[in-house]
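>>> Need a 3D model of the following:
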Amino acid sequence: MKQSELDAVIRLLDDPDRTVYKIVEEKILSQGSKMIPLLESALFAPYANDLMQNRIQDIVPQLEFQELVTDIEDWKKKPDDLFKISWIISRIRYFSMPELDFRKKFYDNLLQFPRYDLDNYSALERVKIFNYIFYFKIKFKAALEDKFYNPDYCFISNVLDTKIGNPVSLALVYLLFARGHGLPIFGVNLPKNFILAYVDSKNGVSFYINPFNSGTVLGKGEIDRFLKQQEIIPQPQFYQPCSNETFILRLLTHLETSYRENNCKNDADKVLKLINLFDHPLDKDIEWD
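Numbering: from 1, shown residues only. As a prediction, the model looks like this:
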């Protein structure tokens, strides 16, 4: 549609006839996110009455959600870029944030890391050096107990700004930074927490890392004891590196739970729709958070 035609469609949003409105709404939604700046401009136009403004404020979030769905579906086709999906999920809250701005946040933090040559150190030594920089120099830290379900800490853009995260978001930032320094770090889908594994290319998992506890190094025995304490039956998936899709599902699951804990039902329902886009959702019989 031409610009003039799009403007004409938007002007019809003030039609009091509900049937007309539904036709107009469908036409706008069919045009996708390119309509958002036009609608936002019309929101404060001289001709925008209260009815039009209310309808615009209802349609814009629908357009934003449509684009998020498309972006996630596209990512799923090649789910190897955890950085990309971190930006996409941050747009649930900050839709208009450009990817370039997100990248700048990340690299501004990454540049705070001194450039160490870690090749001559053992795996454990490499992680200890990384932990020192991550937690004590740049000062990333775990959210306090009363902020555990703060939805803000699910968005990587906020974690980069505040240096505070929940178990999953902090693990994701840790992993992205660690891989940037050549460390073979992978997510491990542990209930009631989310941990990382240092994976040797020849021997598999060397040890585990708890990002929510200043990068504490763990062995299999600690995981066994944790599961017993939580009265959770051990499963192989609790010990092995998980897929990127599972990593992101844990982050979205924590976000949904956080919204529900804060009585934000509409937001929680939207996130649940995003969770349901994945072909292999998390086991519903396990209490993950």
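
>>> Low-confidence stretches in the chain?
For the chain, the stretches with pLDDT under 70 are 115-116.

>>> mind listing the strands for it?
Assigned by DSSP state E, the strands in the chain fall at 141-142, 164-165, 185-188, 195-200, 204-210, 216-218.

>>> For the fourth one, buried residues please.
Judged by neighbour count (16 or more other CB atoms under 10 Å), strand 195-200 contains these buried residues: 195-199. Any C-beta I mention is one placed from the backbone N, CA and C, and that applies to glycine too.

>>> Can you add distance to Phe177 and give those back as a markdown table?
As requested, the buried residues of strand 195-200 are exported to a markdown table (distance: CB to CB, whole Å):
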| residue | distance to Phe177 |
| --- | --- |
| Ile195 | 16 |
| Leu196 | 11 |
| Ala197 | 16 |
| Tyr198 | 14 |
| Val199 | 17 |
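
>>> Quickly name whichever of those is closest to Phe44.
Nearest to Phe44 among these: Leu196, at 47.0 Å, using CB to CB.

>>> Tell me how far that closest one lies from Leu218.
10 Å (CB to CB, to the nearest Å).

>>> Show me the common contact partners of those two, please.
Common neighbours of Leu196 and Leu218 (criterion: CB atoms under 8 Å, 6 or more residues apart in numbering): 208-210.

>>> Of those residues, which is the most crowded?
The most crowded member of those, judged by other CB atoms under 10 Å, is Ile209 (25 neighbours).

>>> Go ahead and confirm that residue touches Phe186.
No. Under the criterion of CB atoms under 8 Å, Ile209 is not in contact with Phe186, lying 10.1 Å apart.

>>> I figured Phe177 was touching Phe134, is that so?
Yes. Counting by CB under 8 Å, Phe134 is a contact partner of Phe177 at 6.5 Å.

>>> Using the record's domain definitions, break this protein down for me.
If you go by automatic domain parsing, the domain ranges for the chain are 3-63, 82-275.

>>> just the ones you listed: most buried one?
Greatest average neighbour count among the domains of the chain goes to domain 82-275 (a mean of 17), per mean count of other CB atoms under 10 Å.

>>> Between the two ends of that one, how far is it?
16 Å (CA to CA, to the nearest Å).

>>> quick one on the thing from earlier: common neighbours of Ile209 and Phe186, please.
196-197.

>>> Which residue ranges of the stretch 51-200 of the chain form helices?
82-90, 99-110, 123-131, 156-162, 167-180 (DSSP state H, counting those that start in this stretch).

>>> what residue is smack in the middle of the chain?
Closest to where the C-alpha atoms of the chain average out (CA atoms, centre = their mean) is Ile89, at 3.9 Å.

>>> could you dump the shared contacts of Leu196 and Leu218 to a markdown table with distance to Lys141?
Output for the shared contacts of Leu196 and Leu218, formatted as a markdown table (distance: CB to CB, whole Å):
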| residue | distance to Lys141 |
| --- | --- |
| Tyr208 | 20 |
| Ile209 | 15 |
| Asn210 | 13 |
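
>>> out of those, which one sits closest to Asn158?
Asn210 (21.2 Å).

>>> Kindly state the beta-bridge partners for the closest one.
Thr216 (DSSP bridges).

>>> Pretty sure it sits against Leu218.
Yes. Counting by CB under 8 Å, Asn210 sits close enough to Leu218 to count as a contact (5.9 Å).

>>> what is in contact with those two at once?
Between them, Asn210 and Leu218 share these contacting residues under CB under 8 Å, 6+ apart: Ile195.
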